[in-house]
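A.B. asks: need coordinates for the following:
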Amino acid sequence: MVLVEWVNVTSGYNLDLHWQASREYLTRHGYAYVGVSAQRVGVQQAPYGLTVWSPTRYGTLDVTAGGTITDDSLSYDIFSQAGRAIRSHPELLGGLRSRILIAVGASQSASRLTPYYNSIQPLHRIYDAFLLHVGGGPFRTDMSTKLLRINTEREIVAGQAAIRQPDSNIFRSWEIAGASHVDYWYMTYRQGLVARDGLAPFNYQCDKQPLSHANNKYVLNAGYDQLLDWVLRNRPPSVAQPIVVTSVSPTVIPRDTNGLVSGGIRLATVEVPTATNDGVNGSTGFCNLYGSHTPFPDSKVQQLYPNHQRYVNAVSEVTQKNFRDRFIVSEDAAEIIDAAEDSTIGTNVPRPVP
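C.D. replies: Numbering: from 1, shown residues only. Just a heads-up that it's a prediction; the model follows:
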């Protein structure tokens with residue numbers, strides 16, 4: 001089972017977002033992973049393009065036809081040829097023969113994969129299924145290739161509600177309540193890589209404390225699992241309730257007294273809250289992608305969860321329901337419950353500052 005990721009270049013360099021977010025799940029379950037750098041920024045643009053980063057290894061690469069095509073028009077063919085190479089050259093995967101190829105991409109890459117799905121996939125049928133994250137659409141409805149799109153609250157706030165499409169026998173849409181385009185857990189991991197590689201540090205000077213703590217990887221992992229089940233056994237993914245929106249022009253999303261939306265896939269971080277996690281923040285830099293995390297006062301947390309076991313029981317109940325509904329996988333459910341048990345919520349020990 002091969003995930004083929006159209007790597008993201010929004011930051012000016014190749015970013016394998018799906019691998020970074022789900023590396024533990026993909027390794028544990030024996031997926032093969034291939035990252036495809038299909039755009040000029042990731043291949044040839046200074047200072048981080050592959051040809052600049054390692055001219056010895058990558059210096060001959062050219063995705064511009066000798067500088068005559070600089071708008072990434074060739075990227076779609078590159079992505080197709082990469083898929084064909086994986087199928088026809090098992091030596092690329094250490095001798096393993098691919099059975100299923102799933103095209104994946106996040107954010108800008110999801111936007112690139114939308115015209116690929118609509119216009120290129122019907123011609124050549126290189127990929128068996130698509131999983132797009134935080135973006136993409138609208139999609140053709142006369143296709144046979146199955147597609148799962150997983151958005152966060154931030155995309156709904158930013159206007160995706162206006163182009164929602166109904167679920168069908170080839171399309172599923174999931175929306176994660178309280179989640180941001182990129183989350184705290186993912187960016188904490190990525191920050192180490194940025195420091196290691198000497199890349200520009202992140203600017204977190206936002207209107208509110210940045211980065212939602214709703215962990216997108218949990219839903220992503222379930223998405224891979226269900227998409228394979230759909231392709232191999234024709235068992236459709238679970239139907240998820242959308243985030244409640246009362247207007248799409250302008251976008252209006254009602255919130256409860258805790259600042260949380262209704263509807264969507266509701267992880268324990270949102271359904272058993274100790275903070276307001278959402279997809280909203282200022283517009284400085286990438287702040288609009290970060291969402292925010294505003295901890296409740298200790299007095300409110302104590303009122304909600306007067307003892308530790310009550311908090312653990314509430315997290316366990318919500319998590320087990322999400323597992324039964326197939327929005328998280330078993331090992332992630334165990335991780336969530338273990339984290340609740342190890343927390344100081346409902347005790348007299350002060351909460352750590354995130």
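A.B. asks: so what touches stretch 14-25?
C.D. replies: 3, 5, 7-9, 26, 33, 35, 37, 42, 48, 50, 104-107, 109, 133, 186, 189-190, 193, 216-217, 220-221, 224, 329, 331-332 (CB atoms under 8 Å, 6 or more residues apart in numbering). Bear in mind the C-beta positions are built from the backbone N, C-alpha and C, glycine included.
A.B. asks: write the PyMOL selection for whichever of those are buried.
C.D. replies: Buried residues within the contacts of stretch 14-25, by 16 or more other CB atoms under 10 Å, are selected in PyMOL with:
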select buried, resi 3+5+7+8+9+26+33+35+37+42+48+50+104+105+106+107+109+133+186+190+216+217+220+221+224+329+332
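A.B. asks: what residues of stretch 245-255 count as buried?
C.D. replies: Val245, Ile253.
A.B. asks: and what of stretch 297-308?
C.D. replies: Val301, Leu304, Tyr305, His308.
A.B. asks: same thing with stretch 272-292?
C.D. replies: Buried, per 16+ other CB under 10 Å, within stretch 272-292: 272-281, 286-292.
A.B. asks: which SSE is Gln20 in?
C.D. replies: Assessed by DSSP states H and E, Gln20 sits inside helix 17-28.
A.B. asks: could you export the buried residues of stretch 297-308 to JSON lines, including columns for secondary structure and pLDDT?
C.D. replies: Below are these laid out as JSON lines (DSSP: H, G, I helix; E, B strand; the rest coil; pLDDT from 0 to 100):
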{"residue": "Val301", "secondary structure": "helix", "pLDDT": "96"}
{"residue": "Leu304", "secondary structure": "helix", "pLDDT": "96"}
{"residue": "Tyr305", "secondary structure": "coil", "pLDDT": "97"}
{"residue": "His308", "secondary structure": "helix", "pLDDT": "97"}
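A.B. asks: for this structure, give me the ranges with low pLDDT.
C.D. replies: Low-confidence segments of the chain (pLDDT under 70): 350-354.
A.B. asks: show the residue spans covered by the helices in the stretch 151-300 of the chain.
C.D. replies: Counting by DSSP state H, counting those that start in this stretch, the stretch 151-300 of the chain has helices at residues 153-157, 184-197, 216-233, 268-271, 287-290, 298-304.
A.B. asks: adding distance to Arg87, write these out as TSV.
C.D. replies: Shown next, in TSV, are the helices of the stretch 151-300 of the chain (distance: least, CB to CB, whole Å):
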stretch	distance to Arg87
helix 153-157	32
helix 184-197	30
helix 216-233	15
helix 268-271	39
helix 287-290	34
helix 298-304	53
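A.B. asks: looking at those, which is nearest to Arg172?
C.D. replies: In terms of CB to CB, the element of these nearest to Arg172 is helix 216-233, at 8.1 Å.
A.B. asks: buried stuff in that closest one?
C.D. replies: Applying a neighbour-count criterion of 16+ other CB under 10 Å, the buried positions in helix 216-233 are 216-228, 230-231.
A.B. asks: go on, stretch 109-120?
C.D. replies: For stretch 109-120, by 16+ other CB under 10 Å, it's Ser109, Ala110, Ser111, Arg112, Leu113, Thr114, Tyr116, Tyr117, Ile120.
A.B. asks: now stretch 7-22
C.D. replies: Across stretch 7-22, burial judged by 16+ other CB under 10 Å covers 7-9, 11, 13-19, 21-22.
A.B. asks: okay, it in CSV with CA atoms only?
C.D. replies: Below are the C-alpha coordinates for stretch 7-22, written out as CSV (Å, rounded to 0.1, in the frame of the first residue of the first chain):
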residue,chain,number,x,y,z
VAL,A,7,5.0,17.4,-1.3
ASN,A,8,4.1,21.0,-0.3
VAL,A,9,6.3,23.9,-1.2
THR,A,10,4.4,26.9,0.4
SER,A,11,7.3,27.6,2.8
GLY,A,12,9.8,27.7,-0.1
TYR,A,13,11.1,24.2,0.3
ASN,A,14,9.8,20.6,0.1
LEU,A,15,7.6,19.7,3.0
ASP,A,16,6.3,16.1,3.3
LEU,A,17,3.4,17.0,5.6
HIS,A,18,1.6,13.6,5.4
TRP,A,19,4.7,11.7,6.3
GLN,A,20,5.6,14.1,9.1
ALA,A,21,2.1,14.0,10.6
SER,A,22,1.5,10.2,10.3
